[in-house]
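Asks: Next comes the sequence, and after it the predicted model I'd like to discuss.
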Amino acid sequence: MRRQVVITRMDSPAYAAVADLLRYRDIDVFQAPWDENTLDLVQSTGFDVIIVGYPVEEQALRRFVKCARAPGSACRRCGMILVADDEHFESAQSFVGEGINRAIGTKDTPHLLATTVDELTSIAPRVTLRAPTRIVVRLEDRPVSAFCQTENVSTSGMLLRGFGHYPRGTTITFEINIPGESDPIRGSAEITRSTNVAVERLDGVGARFLSFSSADQTRLASYIGKQVN
């Protein structure tokens, strides 16, 4: 089934560049004005992802998100992305976790945006896993080791509590101690976001898995499958 993406508050040149790339990935793209009709549209049409240009007045954005996420809305569980210029990126990032899934800088689009759409439309089942985890991050070619805790994990990524706020794109290696397993799950991951502490009540980062050691990916998938089933 083809995925459906709607874009609002994005100027015509930027929209055209993003739309061309998404359509190349067999995604149907629609442009919508920022008005009352779009509120009705996102409540009645099951889009897979909504993309909103930022900045936008805070009250108007919160109202839009509330409508999209309301019980009975066709977009209640869809992906939602803010695309912000450099000046307003930090402000846009503060909405992540409040109905917004990701914030992306305009300089990163359209390729990162297309990748993010792929990620949000193929989210793997996520299970709670509060397990001690050893993290190694390389700073200026010097490895720095730390211990923290996973909060949840899927076959595509994990949420870490108590790990420093490193920039998006930072690569880490990890060892996760899975309950009932004598050997930890080992691999590498890329930091994709910092948590919104006020909303998520958790100070940490989200990370996307890049690679695993040996058969550890299969071991992790097996553990997750047992918890889901």
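Replies: Structure received. Numbering: from 1, shown residues only.

Asks: what about this protein, any weak spots by pLDDT?
Replies: For the chain, the stretches flagged by pLDDT under 70 are 1, 109, 122-125, 138-141, 198-200, 228-229.

Asks: what's the spacing between the residue of the chain most remote from its centre and Pro132?
Replies: Farthest-out residue of the chain from its mean C-alpha position, per C-alpha atoms, centre = their mean: Ser182, at 30.9 Å. From Ser182 across to Pro132, the span is 14 Å (C-beta to C-beta, to the nearest Å). Bear in mind the C-beta positions are built from the backbone N, C-alpha and C, glycine included.

Asks: quick one: which helix or strand includes the residue farthest from the centre of the chain?
Replies: Under DSSP states H and E, no helix or strand contains Ser182.

Asks: do you know how far it is from Arg219?
Replies: Per C-beta to C-beta, Ser182 is found 11 Å from Arg219.

Asks: list the contacts for the nearest residue to Phe212 once chain neighbours are set aside?
Replies: Sequence neighbours aside, Gly187 is the residue nearest to Phe212 in space, at 3.8 Å (criterion: C-beta to C-beta, 6 or more residues apart in numbering). Under the criterion of C-beta atoms under 8 Å, 6 or more residues apart in numbering, the contact list for Gly187 reads Thr173, Phe174, Phe209, Leu210, Ser211, Phe212, Ser213, Asp216, Gln217.

Asks: Can you tell me which of the residues you listed end up in helices?
Replies: Counting by DSSP state H, the part of the contacts of Gly187 found in helices is Asp216, Gln217.

Asks: what ranges do the strands span in the chain?
Replies: Per DSSP state E, the chain carries strands over the ranges 3-8, 27-32, 49-54, 79-84, 102-105, 127-139, 142-153, 157-161, 171-176, 185-194, 204-212.

Asks: Return the list of strands paired to the shortest one, each annotated with direction.
Replies: Applying DSSP bridges, strand 102-105 is found paired with strand 79-84 (parallel).

Asks: Alpha carbons of the strand it pairs with, in PDB - could you do that?
Replies: Taking C-alpha atoms only, strand 79-84 is exported to PDB below (Å, rounded to 0.1, in the frame of the first residue of the first chain):
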ATOM      1  CA  GLY A  79       4.200  10.400  12.200                       C
ATOM      2  CA  MET A  80       4.500  14.200  12.600                       C
ATOM      3  CA  ILE A  81       7.500  16.200  11.600                       C
ATOM      4  CA  LEU A  82       8.500  19.900  12.100                       C
ATOM      5  CA  VAL A  83      10.900  21.400   9.500                       C
ATOM      6  CA  ALA A  84      12.600  24.500  11.000                       C
END
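
Asks: who touches that strand?
Replies: 10, 14, 48-55, 65, 68, 91-92, 95, 99-106, 109, 113, 116-117, 120-121.

Asks: So among those, which ones count as buried?
Replies: Buried members of the contacts of strand 79-84, counted by 16 or more other C-beta atoms under 10 Å: 10, 14, 48-54, 65, 68, 92, 95, 99-106, 109, 113, 116-117, 120.

Asks: residues near the residue nearest to Asp118 when sequence neighbours are not counted, how many?
Replies: In this structure, Asp118 finds its nearest non-sequential neighbour in Arg25, 7.2 Å apart by C-beta to C-beta, 6+ apart. For Arg25, the count of nearby residues is 14 (other C-beta atoms under 10 Å).
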